[in-house]
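got a predicted model here, sequence first, then my questions.
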Protein chains: 2
Amino acid sequence: MLTGIPRIKGAKAAHYSCFEKVEMAQKPATLKDVAAFANVSRATAARALNSYGYVGDETAQRVQEAAEKLGYRGNRLAQALRNGQLPIIGCILGDIQNPFFARIAHDIEALARRSRYNLIIGSSEEQLEQEVSLLASLQSLSIRGFIVAPTSDENNIHLKRLIEENVPLVLIDRVVQGIDCDSVVVDNEGGARKAIEYLIAMGHRRIGLLQDDTRIFTSRARLSGYQSALVAAGINPDDRMISVSQSTVEHAIDATIRLFSQKSPPTALFTVDSLMTQGALLAFRSMGISIPHDVSLIGFDDFNLATFTDPQITVVAQPVSEIGLAAARLLFERLSGHSRQTRQIRFETKLLVRGSVSRRQDV
Amino acid sequence: MLTGIPRIKGAKAAHYSCFEKVEMAQKPATLKDVAAFANVSRATAARALNSYGYVGDETAQRVQEAAEKLGYRGNRLAQALRNGQLPIIGCILGDIQNPFFARIAHDIEALARRSRYNLIIGSSEEQLEQEVSLLASLQSLSIRGFIVAPTSDENNIHLKRLIEENVPLVLIDRVVQGIDCDSVVVDNEGGARKAIEYLIAMGHRRIGLLQDDTRIFTSRARLSGYQSALVAAGINPDDRMISVSQSTVEHAIDATIRLFSQKSPPTALFTVDSLMTQGALLAFRSMGISIPHDVSLIGFDDFNLATFTDPQITVVAQPVSEIGLAAARLLFERLSGHSRQTRQIRFETKLLVRGSVSRRQDV
DNA sequence: AATATGTGTGAGATCGATCTCACATTGTCT
DNA sequence: AGACAATGTGAGATCGATCTCACACATATT
């Protein structure tokens, strides 16, 4: 039988001790240090600092002073190891660069900070695999609160397992079938429908849709709102009016150009997110198509430059400032142990009519 | 003396499976579980899984299989407690909503992920106190790598202490006097100077400055570039040409209106960051001032809507995509222990001439 | 007086992974 | 044969905070 190849370890220890003498990096004070300084046991020191159990007044005083003098700050790692959870919230989003997610992350962080939680942010970059591995990595940190914008509707064993293990989880922006947990979303379908109804009311019949990957929940819901509004108005959905692209400005430009290079292009366009709206704007500019004269435009999700363009862009606005807040609240409720029915919050959207839609008499 | 009792194989597993059915929240498998399952000691299991020391081939195999079967994932918390550091990078920025910081955070996260590090993000909200408390909270987590955009130039004992304790630290966007550590900044002064020189070359003499709180490093440096360009051109800096505001769109609007409500307002304006540029744009629109006809504008920091406006805005662009990358690289170099001289990276800026500056013959 | 109760304190176990050490084996070299 | 190295393995200590005990005194109650 072959023997294993020796895995050589080497004189690591010797090296370390050698370094230590050189770099006098003084370690932070531990509870043991404080206890020694106050001349009590660790147990008593802990009692004094966390005020539980019985501690003599005078002793408590002494421990407090010792802690102060030594600049004692508990080691959160050790605490977490002991009590099984680390006061950190894991937040897995599509991309922090997306202002929508950035705002949400910011709000969550601010709220978490007040409860002395920290926030770990991970980008799934819309890839299921990355979402799974990030989640696993955070779980092995004993993190017990997650806010996730799930990339995919399928293959959600990792989320199911979280629920089974009773780990507090809030889904935002998108929900997932078969997963019963707290969630915060907006009425994507209704928002899209409102936009299309408005365009129809303004006389448009050939209404284009610039949409994202249909694997993404929001994209699918918005498509469905688009279709139902058309059908309700007796307009036959036409595949040639729909262009699919990835959610980046660059891809959206190409997709828009494709859509408007047809013989009879749409007279209006609805875009499913703000990056695509921006792509459409740039595409129109490069094609010499003017808004709202040549084409009308409505985008889903408000964005800061919507009011900087001329004309300003009509959009379906989501209550972005509410989403992160609501998600964080739900999560903290669950973290504080009140287990209750899961709650699904759905915010309404609002059509902000600005100047990018014009009435169409002809057709 | 007790005799070595042979380890019983199935006993433990049976116990667990019994519990599993009752309490759904099954705890993740520990090394102890794996060891028991493979019928070896914890020490041996650890050796097999981390490939160090001597382990028999057949034993190693058995441990691997046990780990797989039980879905073992090491508890990073326990590991961190043992070896003194948690593979997490702490990132303290002004505000993640600022696209500049969002981009940087995104890049750092992506790079960290590859090294199996996670990223904790905290917003200082430009408040020293919050920066200090965030840092303390992260330190008590045994986090040993920080990337910080320091809020203030003074009162930096907390940063000094980090350096003394030999904690890897990289400052971005701003440096701090008296703190010798790695840093990544841009040439703020040079960038501002280039902008002002360009305005002067275009015939402007009454050049306004819309600037941020001078406690902020970048703001000070940009002011200094503004002044030195004026002086070099023989123009006397005039306080009435300078307006100070907080770095938000709303405050910038007010400040711009103040500046341009004077008897002889500036003919050109330089804004020190992109939020202020946006504020200025809105203010001009509300005042009926047209760019570049009535006033010329250059902003520091490119931003996505700069190319969406008409005319497009001329800006001093920073290599945003390089900053996060460079910072993360410096940090990981230090984390990997190669202690060396500190390095100060300074990127050049680039004046992107677009359409918001016009030549001024008169005055 | 004997028992209960209320205070105050410390020893030691625990969380999970890792590392040092001691102790077995086996094989190899004089 | 005896000495010595190369392997393989397990017991126990360690990281730092917390919690359960057990124990020591008080004072209060029957």
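It's in.

residue A:159 contacts residue A:179, correct?
Yes: applying CB atoms under 8 Å, one finds residue A:159 in contact with residue A:179, separated by 5.3 Å. C-beta here means a position set from N, CA and C on the backbone, and glycine is covered the same way.

quick one, which of those two is more surrounded?
Of the pair residue A:159 and residue A:179, residue A:159 is the one with more neighbours under other CB atoms under 10 Å in any protein chain shown, namely 23 against 17.

just the pLDDT for the more buried one.
According to the per-residue confidence, residue A:159 scores 95 in pLDDT.

that one belongs to a strand?
No: assignment of residue A:159 by DSSP: H, G, I helix; E, B strand; the rest coil gives helix, placing it outside any strand.

and it, what does it touch?
A:148, A:150, A:169, A:171, A:176, A:179, A:181 (CB atoms under 8 Å, 6 or more residues apart in numbering or on different chains).

likewise for residue A:162?
Shown in contact with residue A:162 (CB under 8 Å, 6+ apart): A:135, A:139, A:146, A:169.

just put the residues you listed in TSV and tack on pLDDT, distance to DNA strand C and neighbour count.
Output for the contacts of residue A:162, formatted as TSV (pLDDT from 0 to 100; distance: CB to the nearest atom of the strand, whole Å; neighbours: other CB atoms under 10 Å in any protein chain shown):
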residue	pLDDT	distance to DNA strand C	neighbour count
A:135	96	17	23
A:139	94	12	21
A:146	97	19	23
A:169	96	21	25
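
in strands only, show me those.
Where the contacts of residue A:162 overlap with strands, as defined by DSSP state E, the overlap consists of A:146, A:169.

name the nearest of the contacts of residue A:162 relative to residue A:230.
Sorting these by distance to residue A:230 puts residue A:169 at the head of the list, at 35.9 Å, by CB to CB.

hang on, the closest one packs against residue A:150?
No: taking contact to mean CB under 8 Å, the distance of 9.9 Å between residue A:169 and residue A:150 leaves them out of contact.

against DNA strand D, how distant is the closest residue to residue A:361 other than its chain neighbours?
For residue A:361, ignoring the flanking residues on the chain, the nearest one in space by CB to CB, 6 or more residues apart in numbering or on different chains is residue A:203 at 6.1 Å. Distance check for residue A:203 against DNA strand D: by CB to the nearest atom of the strand, to the nearest Å, it reads 67 Å.

what's the pLDDT at the residue in the stretch 201-350 of chain A positioned nearest to chain B?
Ranking the residues of the stretch 201-350 of chain A by distance to chain B (CB to the nearest CB) places residue A:305 first, at 3.4 Å. The predicted structure scores residue A:305 at 81 on the pLDDT scale.

then residue A:57?
pLDDT at residue A:57 comes out at 94.

what is the burial count for it?
Here the neighbour count serves as a burial measure; for residue A:57 (other CB under 10 Å) it reads 7.

residue A:36 falls within a helix, correct?
Yes: Residue A:36 sits within a helix when classified using three-state DSSP.

look up how far DNA strand D lies from it.
As judged by CB to the nearest atom of the strand, residue A:36 and DNA strand D stand 11 Å apart.

so residue A:167 makes contact with residue A:142?
No: judged on CB under 8 Å, residue A:167 makes no contact with residue A:142 at a distance of 10.4 Å.

identify each buried residue in stretch A:274-286, please.
Under the neighbour-count criterion of 16 or more other CB atoms under 10 Å in any protein chain shown, stretch A:274-286 has A:274, A:275, A:276, A:277, A:278, A:279, A:280, A:281, A:282, A:283, A:284, A:285 buried.

tell me the contacts of the fifth one?
With contacts defined as CB under 8 Å, 6+ apart, residue A:278 is in contact with A:249, A:252, A:303, A:305, B:304, B:308.

recalculate using a threshold of 10 Å.
In this structure, residue A:278 makes contact with A:248-249, A:252-253, A:271, A:299, A:303, A:305-306, A:309, A:313, B:304-305, B:307-308, judged by CB atoms under 10 Å, 6 or more residues apart in numbering or on different chains.

in ChimeraX, select just the buried ones from those.
Typed into ChimeraX, the line below selects the buried ones among the contacts of residue A:278, using 16+ other CB under 10 Å:
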select /A:249,252,253,271,299,303,305,306,309,313 /B:305,307,308
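
out of the contacts of residue A:278, which is nearest to DNA strand D?
residue A:303 (44.6 Å; CB to the nearest atom of the strand).

check what pLDDT the nearest residue to the closest one once chain neighbours are set aside gets.
Of all residues beyond its chain neighbours, the one nearest residue A:303 is residue A:274 (3.8 Å), with distances taken as CB to CB, 6+ apart. On pLDDT, residue A:274 comes in at 91.

again, but for residue A:25
pLDDT at residue A:25 comes out at 56.

next: the one 4 residues further on.
The pLDDT attached to residue A:29 in the predicted structure is 94.

same thing with residue A:152?
In this prediction, residue A:152 carries a pLDDT score of 86.

how about residue A:11?
Predicted confidence (pLDDT) for residue A:11: 33.

residues in contact with the residue minimising distance to the centre of chain A?
Nearest to the centroid of the C-alpha atoms of chain A, with distances taken as CA atoms, centre = their mean, sits residue A:93, at 3.5 Å. For residue A:93, the contact set (CB under 10 Å, 6+ apart) comprises A:100-102, A:104-105, A:108, A:121-126, A:131, A:147-149, A:151, A:172-173.

also near DNA strand D: which of these, exactly?
Residues shared between these and the neighbourhood of DNA strand D: none [CB under 7 Å from any atom of the strand].
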